[in-house]
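**Q** below is the sequence, then the predicted model.
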Amino acid sequence: MLTSMEGYESATTKAQENRNVNEYLKIDDISAYLNIKTKTLYAMVESGDIPHYRIGRLIRFKREDVDLWMEAKKVIVRNPQHKSKRMFISSRRNQYIDKVVRKTIDGLTG
């Protein structure tokens, strides 16, 4: 059974967690959280790419909104071999282009 002090501490911890989730963060805070330059964030705000709140000239973010936005940006690689296959094809194309360029140069000089 919880004592009144333990119940108070538990309720206080839950209140702090809720406050942290609903807390409005400044652009510097989100910059550090996402490891993105503030200049990049300002551009994302102006283009409407990132969820934010504007109070006059102040820009604020909710961590929960940013987390959901990041989750929506998640890229899932379904077939990692497909990428390497594309790289091989483009490498072949580059070799073909190199041959054409060499023949053209040789034709002009020789």
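**A** Structure's in. What do you need?
**Q** now residue 51: how far from residue 34?
**A** Distance, residue 51 to residue 34, by Cβ to Cβ, to the nearest Å: 13 Å. Any C-beta I mention is one placed from the backbone N, CA and C, and that applies to glycine too.
**Q** and for those two, which residues touch both?
**A** residue 66 (Cβ atoms under 8 Å, 6 or more residues apart in numbering).
**Q** domains in the chain, by residue range?
**A** As given by automatic domain parsing, the domain ranges for the chain are 23-74, 78-110.
**Q** those domains: lowest mean pLDDT?
**A** For the domains of the chain, the weakest mean pLDDT is recorded on domain 78-110, namely a mean of 65.
**Q** please enumerate the helices of the chain.
**A** 4-22, 27-34, 38-47, 63-72, 80-109 (DSSP state H).
**Q** what's the top strand by length along the chain packed up against?
**A** Secondary structure of the chain per DSSP state E: the longest strand is strand 58-62. Applying 3 or more Cβ pairs under 8 Å, 6 or more residues apart in numbering; DSSP states H and E, one finds that strand 58-62 makes contact with strand 24-25, helix 27-34, strand 53-55.
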